[in-house]
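# I need the structure of the sequence given here:
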Amino acid sequence: LVPYFDPGVWGGQWMKEVCGLDREQPNFAWSFDGVPEENSLYVRFGDLRVEFPAMDLVLYQPIGLLGDRVHARFGAEFPIRFDFLDTMGGQNLSLQVHPLTEYIQQTFGMHYTQDESYYILDAEPGAQVYLGLREGVDREEMVRELYRAQEEGGSFPAEKYVNTFPAKKHDHFLIPAGTVHCSGKGAMVLEISATPYIFTFKLWDWDRLGLDGRPRPIHIGHGAKNIVWERTTPWVRENLINRFQSLPAPEGVSAQVTGLHQREFIQTERYTSAGPVLHETRHSVNVLNLVEGAEAVVESPEGAFAPFVVHYAETFMIPEQVKRYRIRPFGRAEGQAVTVVKAYVRT
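Numbering: from 1, shown residues only. Have a look, this model is predicted:
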């Protein structure tokens, strides 16, 4: 996939440094490198390189790419999205909420919604994530405060209503639809999300203008109808933060399930090893990111595809029809432990 980077009002400096981007740009907020709707593909024929939309591959070979069970559920749509949100040296994202399943079905005609999670690739001291509501929040008062801030100006007291939790490297925050959330400044987020495309209801944007100097759209009317008010501090702590559980693994391999909320159809797992790790696709396309280590090589035990090298923070996909593949440290990471985060559709 050809990565796509974009600046934003809240954007940071991490991707500029790590990904070697244009230093003349003020910031980079987004990176889409695992989103077929946003990315393109390169295909080489001899000396000729052709670029075409990545969605063409999803439409052309949906079963081989997604797997029969995933295709039966989602059709020729790619249901998993990996992208980056960079606020290192930047600002808070907008305070937001995603629509509940019944709301997105009835209002927008989509058959699934945007459940997501934040995997923290890196963080500055003091970084935090806004997630869920504080105990005893008066919902009518909160909505009034949101409208007042939007219509009359002045700040919305976010910390009065919304929890904040420290964000450290390799933390994982689950965000099922209906949960008020945003990344705070000073965090580098690998966002792992379902992909009903763009259904984010912004509740407040921290008294700022967009890069074009105009106010950014706010969607309090939609957002207030989708907040799950019962997701308060104790529930969030128990259900949404660092839900790591060990998986059976060979000696020398550390494996954990990292996303366990029952409302989310995406399974996320983390594997760390200084040697080769064998993976199975488990009836679903696999989407992965090298979250620790300089380089790794991805290869097929059966020779089903040519080996390829991935670098730190790169996203890559394994079609379901591959069935088995192996990842091992390579090059600058030879003899060192590398870590990948893997996502697939529970089937």
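
# Next, the buried residues of the helix ranked longest in the chain.
With secondary structure taken from DSSP state H, the chain has its longest helix at helix 139-152. Within helix 139-152, the residues that qualify as buried are Met142, Val143, Glu145, Leu146, Ala149, Gln150, counting by 16 or more other C-beta atoms under 10 Å. Every residue, glycine included, has its C-beta placed from N, CA and C.

# so the last one sits right up against His219, yeah?
Read that as Gln150. No - look at Gln150 against His219 with C-beta atoms under 8 Å: they stay out of range, at 10.0 Å.

# residue boundaries of the strands in the stretch 51-200 of the chain?
Along the stretch 51-200 of the chain, counting by DSSP state E, counting those that start in this stretch, strands occupy 80-86, 95-97, 116-123, 128-133, 162-166, 172-175, 181-183, 187-194.

# helices or strands next to the fourth one in the packing?
When contacts are defined as 3 or more C-beta pairs under 8 Å, 6 or more residues apart in numbering; DSSP states H and E, strand 128-133 sits against strand 162-166, strand 172-175, strand 181-183, helix 233-239.

# could you dump the buried residues of helix 139-152 to CSV with pLDDT and distance to Leu174?
Shown next, in CSV, are the buried residues of helix 139-152 (pLDDT from 0 to 100; distance: C-beta to C-beta, whole Å):
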residue, pLDDT, distance to Leu174
Met142, 98, 22
Val143, 98, 25
Glu145, 97, 26
Leu146, 97, 24
Ala149, 93, 28
Gln150, 91, 28
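
# Skipping adjacent residues, who's closest to Lys225 in space?
Once flanking residues are discounted, Lys225 sits nearest to Tyr103: 6.5 Å by C-beta to C-beta, 6 or more residues apart in numbering.

# Now for the one you found: which residues touch it?
Thr113, Lys225, Asn226 (C-beta atoms under 8 Å, 6 or more residues apart in numbering).

# Apply 10 Å and report the result again.
Taking C-beta atoms under 10 Å, 6 or more residues apart in numbering, we find Tyr103 in contact with Met110, Thr113, Ala177, Gly178, Phe199, Phe201, His222, Lys225, Asn226.

# For PyMOL, write the select line for the buried members of the residues you listed.
Here is the PyMOL selection string for the buried members of these, based on 16+ other C-beta under 10 Å:
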select buried, resi 110+113+177+178+199+201+222+226
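
# Save the contacts of Tyr103 as a markdown table, and put in distance to Trp30 and pLDDT too.
Shown next, in a markdown table, are the contacts of Tyr103 (distance: C-beta to C-beta, whole Å; pLDDT from 0 to 100):
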| residue | distance to Trp30 | pLDDT |
| --- | --- | --- |
| Met110 | 21 | 89 |
| Thr113 | 21 | 93 |
| Ala177 | 20 | 95 |
| Gly178 | 23 | 97 |
| Phe199 | 16 | 83 |
| Phe201 | 18 | 96 |
| His222 | 22 | 97 |
| Lys225 | 27 | 97 |
| Asn226 | 23 | 98 |
